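Student: Everything below, folded, please.
(one chain, ligands or ions: 1)
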Amino acid sequence: MKIARLSSADIHWCEDGDPQGVPVVFANSLGTDLRLWDKVIELMPKQGLRLIRFDKRGHGLSSCPPGPYSMEDLVEDTRELLKVAGVHSCIFVGLSIGGMIGQLLASRQPSLVQGLVLSNTGAKMGEAAMWQERISSIRAGGIDALADAILERWFSGKFRQSDECLAWRHMLTRTPVEGYIGCCEAIAGTDLTASTSKLDLSVIGIGGADDLASPPELVRNTAALVAGSRYVEIAAAGHLPCVEQPHQFAGHLMTFFKEDLHVTKV
Ligand SMILES: O=C(O)CC1=CCC(=O)O1
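Tutor: Sure thing, here's the model as predicted:
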């Protein structure tokens, strides 16, 4: 367990695998912490890859600075964290808001991102009015009031019957309200269509067939903004395929790393 004391937040992070390996940085979605990647990390080779995860501000064990946050704030935290970790170039795996952070990081500092995995994300996610409505509901009733609706977007029907689903619900509802709302505000103010269209790097989009938060078409269209990108879709998965279908998710990562990014020694 490590804490990076950055200029405007303390960011909790950890690493697995090979300290000398190719850095792979995983960025989580709204209302989740770095445990989002536990199953995928378990399945990744531990030789040749340095697997870095972190809790964005207002989530997990990171600090929760007062909001509102902007996407630029979240990208700056990530940039500073990578500096602390001694990472000069990485493969960035971002899910949902994590994928927005990855897109903006790659356009602000292209040398830092050699390949980008856009999981269940978009260049723009929903309309600002929808996010303001969510913020008002949470200010009025807490995250708990919206938890069932959020879980319907996160997971396919079968998974929602499982005991494990309860644990994800607890993770969601324990997210600090100010951190959650701060990130909603960041998403509401973000449209990366123009900057993502100018990216020049290897990209794969990963969609979940049952994703109601970032439907497959959004992910496919976002990946398609980048010339030469690929798109894959995972069946029987909602917004968090790394949780519901970790074997398939890890398999797609490894294919992308080997075939598109020519990562060897894994
Ligand atoms: O909570 C949701 O609706 C799913 C989601 C949207 C952005 C994000 O990071 O997660």
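Student: Who are the contact partners of the residue in the stretch 101-250 of the chain that the ligand sits nearest to?
Tutor: The ligand sits closest to Ala213 of the stretch 101-250 of the chain, with a gap of 3.6 Å, by C-beta to the nearest ligand atom. In short, each C-beta sits where N, CA and C put it, glycine included. Applying C-beta atoms under 8 Å, 6 or more residues apart in numbering to Ala213 gives the contacts 96, 120, 125, 153-154, 238-239.
Student: Would you agree Leu74 is in contact with Lys56?
Tutor: Yes: Leu74 is within contact range of Lys56, at 5.8 Å (criterion: C-beta atoms under 8 Å).
Student: Which neighbours do those two have in common?
Tutor: Contacts common to Leu74 and Lys56, judged by C-beta under 8 Å, 6+ apart, are 97, 101, 183.
Student: so which of those is the most crowded?
Tutor: Cys183 (28 neighbours; other C-beta atoms under 10 Å).
Student: Checking my notes, that residue in a strand, right?
Tutor: No: checked against DSSP: H, G, I helix; E, B strand; the rest coil, Cys183 lies outside a strand; its state is helix.
Student: For the nearest residue to it once chain neighbours are set aside, list the residues it contacts.
Tutor: Nearest residue to Cys183, sequence neighbours excluded (C-beta to C-beta, 6 or more residues apart in numbering): Leu30, at 5.3 Å. By C-beta under 8 Å, 6+ apart, Leu30 lies in contact with 96-97, 180, 183-184, 187.
Student: can you do 7 Å?
Tutor: 96-97, 180, 183 (C-beta atoms under 7 Å, 6 or more residues apart in numbering).
Student: And for Arg169?
Tutor: Arg169 touches 147, 151, counting by C-beta under 7 Å, 6+ apart.
Student: So is the host helix or strand of it next to the ligand?
Tutor: Arg169 belongs to helix 163-173 when assigned by DSSP states H and E. No: Helix 163-173 does not reach the ligand (C-beta under 6 Å from any ligand atom); its nearest approach is 8.0 Å.
Student: List, one by one, the residues from the protein near the ligand.
Tutor: Residues of the chain lying near the ligand (C-beta under 6 Å from any ligand atom): 29-31, 96-97, 125, 150, 153, 187, 213, 239.
Student: try 8 Å this time
Tutor: 28-32, 95-98, 100, 120-121, 125-126, 134, 150, 153-154, 183, 187, 213-214, 239 (C-beta under 8 Å from any ligand atom).
Student: Give me the neighbour count for the closest residue to Leu218 other than its chain neighbours.
Tutor: Using C-beta to C-beta, 6+ apart and skipping residues adjacent in sequence, the residue nearest Leu218 is Gly122, 4.4 Å away. A total of 28 residues lie near Gly122 under the criterion other C-beta under 10 Å.
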